[in-house]
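Asks: need the 3D shape of this:
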Amino acid sequence: QVQLVESGGGLVQPGGSLRLSCAASGSIASINAMGWYRQAPGNQRELVASITSGGRTDYADSVKGRFTISRDNAKKSVYLQMNSLKAEDTAVYYCNSNIRDRRWPPLVQDYWGQGTQVTVSS
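Replies: All right, here's what the predicted structure looks like:
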């Protein structure tokens with residue numbers, strides 16, 4: 001069984017920074033793309049940033065220049081460094097990973113973390 005566990009959310013003032021972490025564990029053969037999504041109350045879940053297994057990154061226009069996604073393949077982890085936070089960044093942030101497991105035949109599917117609350121407020 002594969003699990004994703006997130007950490008690092010919290011309350012921060014506008015202009016502040018937070019770093020989110022997400023670690024995958026379980027019967028994992030390989031991890032393809034990893035990413036962060038967010039969902040604010042009343043809104044649909046949206047992609048914030050993604051990173052391929054080769055390190056190519058992609059960002060939502062609203063976070064370009066402020067957020068940085070990275071990964072550590074040895075630790076099966078993905079990170080989101082969030083700087084210059086704004087009130088509109090307030091949301092529950094979810095980690096997502098496309099993972100091939102070790103069963104036979106192998107199953108490749110997306111897994112989600114439980115979500116971590118980020119609140120930007122003075």
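Asks: the one helix or strand V78 maps to packs against which elements?
Replies: If you go by DSSP states H and E, V78 is part of strand 77-82. For strand 77-82, the elements it packs on are strand 18-26, strand 28-39, strand 46-51, strand 67-72, strand 91-101, judged by 3 or more CB pairs under 8 Å, 6 or more residues apart in numbering; DSSP states H and E. Glycine gets a C-beta too; all of them are placed from N, C-alpha and C.
Asks: can we see that at 10 Å?
Replies: The elements that strand 77-82 packs onto, with contact taken as 3 or more CB pairs under 10 Å, 6 or more residues apart in numbering; DSSP states H and E, are strand 2-7, strand 18-26, strand 28-39, strand 46-51, strand 67-72, strand 91-101, strand 116-120.
Asks: what strands flank it, and is each parallel or antiparallel?
Replies: If you go by DSSP bridges, strand 77-82 pairs up with strand 18-26 (antiparallel), strand 67-72 (antiparallel).
Asks: what residue ranges in this protein are flagged as low confidence?
Replies: Nowhere does the chain drop to pLDDT under 70.
Asks: can I get the strands paired with strand 77-82 in CSV including mean neighbour count?
Replies: Converted to CSV, the strands paired with strand 77-82 look like this (neighbours: other CB atoms under 10 Å):
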stretch, mean neighbour count
strand 18-26, 18
strand 67-72, 18
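Asks: now those as JSON lines including distance to P106?
Replies: JSON lines is the format used below for the strands paired with strand 77-82 (distance: least, CB to CB, whole Å):
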{"stretch": "strand 18-26", "distance to P106": "13"}
{"stretch": "strand 67-72", "distance to P106": "21"}
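Asks: select, out of these, the one closest to I51.
Replies: strand 67-72 (4.9 Å; CB to CB).
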